[in-house]
Every structure is written in structure tokens, then in C-alpha cells.
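> okay, here's the prediction I keep looking at, along with the sequence it came from:
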Amino acid sequence: MKPRVLQLFAAGVNCDRELAYAFELAGAEVQHMHVHALLEKPELVRECDLFAIPGGFTYGDDLGAGRILALEVATHLKEPLEQLHEAGGTLFGVCNGFQVLVKTGLLPGIDDARVSLTWNDTHRFECRWSRLLADPALDAILPAGTILPAGTAHAEGKFVVESEETLQRLEQAGCVALRYANEQGEATRDYPHCPNGSDGAIAGLIHPSGRILGLMPHPERCLSPQHLPDRGLAHWGDGAAALDFFRGMLAPYAAASTTI
């Protein structure tokens, strides 16, 4: 049996096909479900291995990016999602999905750590390629130091923390998954390598359990050398990192399915 991915759909989602394709290419079986249908049968959440929220502009990002979907999830689905997580399942969100995970409080996963995602420093939508540096906290999914190319496409992607102490707590708890990096593979907040000015150059977070993960850029848009800006001429890697990223998330469930 293949790993089972349940992928949420809502008005304004526009990256669902790319994300589903990435999971399928990595070996999963993907089921799409509209949020309203899932609200009627929330118990279905507990039947998957991985629950995914794609990117887009859910509900037009009215009231803020991902806020309305986050309210729906927090009010009606948070309990079954927490039960899935406690049972060994994974929650994943990319771009708008990451915003939802943060605004529901499912990330970062440490008490009283006040974080948010807000407008880019440029005060405009940024659409460009970014290099993401894997932190040691992501090691079970992607080896530390790996450079993951991904497409940035957001206006409210700046990750902010309440204080320097909060940033230190996130780092000490192993909640930093990915950071924006320059051509030398060094973490940086410098524009345009970091397109939004995120505190700590943070592009993605991971729960201390290692099974709730979110990031702003889109790795599902970079699954082969032909997807890279230089078509695989080495400036952006060989196109394997993103597929390895998705395989890494599915690996525990793929291994379990082979032992049944």
C-alpha cells in the first residue's frame, strides 16, 4: 500500500495539482477533499498518513493571508489534526498552507512562542527563485546543508518573531527547518536571496516532533532539471533535492507499508 496523502482544497487554492503531482511522483496516493466536505466528515483526517494544505490565496486572502481558512481549520479540524499527529501522522503546508499552520497554532509547536507571517519588506508580491538551506532539524527528511531550490510566490511571507529570545527558543527547540541562502549556500536575510526579510532568514518551520512542517517557497515547482532556472547547468543543483524532500516526508509511511 502506498502512503496516503489527504490534500485539502478550498476557494482560492491554486497550487494543488503541482503538490499532488509531487507527492505522487514521490510514491504516494493522493486524495483531494474540499474543506466543506471534510468539515462534514472530519474523522477522515485520521485515515491518512499525511495531511497537506497547498498554496494559493484562500478566500482571496481577505482579512489576511490564510486567515479565513485558518479559522475554519482551528474551529472544526484542529482536534482531528492533532489526533493524526499524535498517532504518528504528518501535517504539511506550503505557502498559504504554511500561513494556515502558523495561524492555527499548529506551528511552531512550543508554548508561548509568538510568531507570524506578514508583508514582505518590499511591500509587494515577490515571484522569484530562492535557495533554501536545510537546517539540522530537517535532517530526517533532507540532510542538513542541502540546498533546496524552490519558487517564491508570496506577498505576506515575512516570518517574524516577537523577540530575539523567541528566535533563540525556536533554534534551541529544533523548530527551524529551512533558511533562505545565497549562491554560496550561506543563510542570509539580504534581498533578493531572502525575498521577504524574514527574521533569522527563516523560510520554513518544523514541529519538535518532526511531523508538522511548513514553508513559504514552493518545492513542488522544482521536480526535475528542466524546472530549474538554468535547466540543470549546476547553478541551482541537479533538480533532485525537491523530489528527495517529498520522499523524505513519505519515507516512514512507505517503510511501514512494505512491512504489512
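In hand now; what should we look at?

> hey, let's count contacts and neighbours off CA atoms from now on
Fine.

> and residue 235, what's its pLDDT?
Per-residue pLDDT puts residue 235 at 87.

> beta partners for it?
Beta-bridge pairing of residue 235 under DSSP bridges involves residue 237.

> that one: neighbour count?
Neighbourhood size, residue 235 [other C-alpha atoms under 10 Å]: 11.

> can you check residue 199 too?
Neighbours of residue 199 (other C-alpha under 10 Å): 18.

> give the residue spans of the stretch 151-260 of the chain that score low on pLDDT.
For the stretch 151-260 of the chain, applying pLDDT under 70 flags the ranges 257-260.

> so where do the helices sit in it?
164-172, 241-258 (DSSP state H, counting those that start in this stretch).

> give me the contacts around stretch 229-248.
Identification of contacts with stretch 229-248 by C-alpha atoms under 8 Å, 6 or more residues apart in numbering yields 22-23, 25-27, 129, 131, 140-142, 146-150, 183, 219-220, 222-228.

> picking that back up, which of the helices of the stretch 151-260 of the chain sits closest to residue 92?
helix 241-258 (9.0 Å; C-alpha to C-alpha).

> tell me how far that closest one lies from the chain's centre.
Put simply, helix 241-258 sits 15 Å off its chain's centre (C-alpha atoms, centre = their mean, to the nearest Å).

> quick one, what contacts residue 90?
Applying C-alpha under 8 Å, 6+ apart, the residues contacting residue 90 are 49, 50, 51, 84, 211, 212, 213, 249.

> if we can go back for a sec, now, of the contacts of stretch 229-248, which are buried?
Buried members of the contacts of stretch 229-248, scored by 16 or more other C-alpha atoms under 10 Å, are 22-23, 26-27, 129, 131, 141-142, 146-150, 219-220, 222-225, 227-228.

> what sits against residue 65?
57, 58, 96, 99, 156.

> how about 10 Å then?
Neighbour list for residue 65: 56-59, 95-97, 99-100, 103, 117-119, 154-157 [criterion: C-alpha atoms under 10 Å, 6 or more residues apart in numbering].

> on that earlier part again, need the max-distance pair from the contacts of residue 90.
84 and 249 (15.0 Å).

> helices and strands around the helix or strand where residue 79 lies, which ones?
In the assignment (DSSP states H and E), residue 79 maps to helix 78-86. If you count contacts as 3 or more C-alpha pairs under 10 Å, 6 or more residues apart in numbering; DSSP states H and E, helix 78-86 packs onto strand 50-53, helix 67-72, strand 90-94.

> averaged pLDDT, the shortest one. What do you get?
With pLDDT averaged residue by residue, strand 50-53 scores 98.

> mind giving me the packing neighbours of it?
By 3+ C-alpha pairs under 10 Å, 6+ apart, strand 50-53 packs against strand 4-9, helix 16-25, strand 29-34, helix 78-86, strand 90-94, helix 96-103, strand 212-215, helix 241-258.

> can I get those in JSON lines including distance to residue 45?
Below are the helices and strands packed on strand 50-53 laid out as JSON lines (distance: least, C-alpha to C-alpha, whole Å):
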{"stretch": "strand 4-9", "distance to residue 45": "7"}
{"stretch": "helix 16-25", "distance to residue 45": "17"}
{"stretch": "strand 29-34", "distance to residue 45": "10"}
{"stretch": "helix 78-86", "distance to residue 45": "6"}
{"stretch": "strand 90-94", "distance to residue 45": "10"}
{"stretch": "helix 96-103", "distance to residue 45": "15"}
{"stretch": "strand 212-215", "distance to residue 45": "14"}
{"stretch": "helix 241-258", "distance to residue 45": "16"}
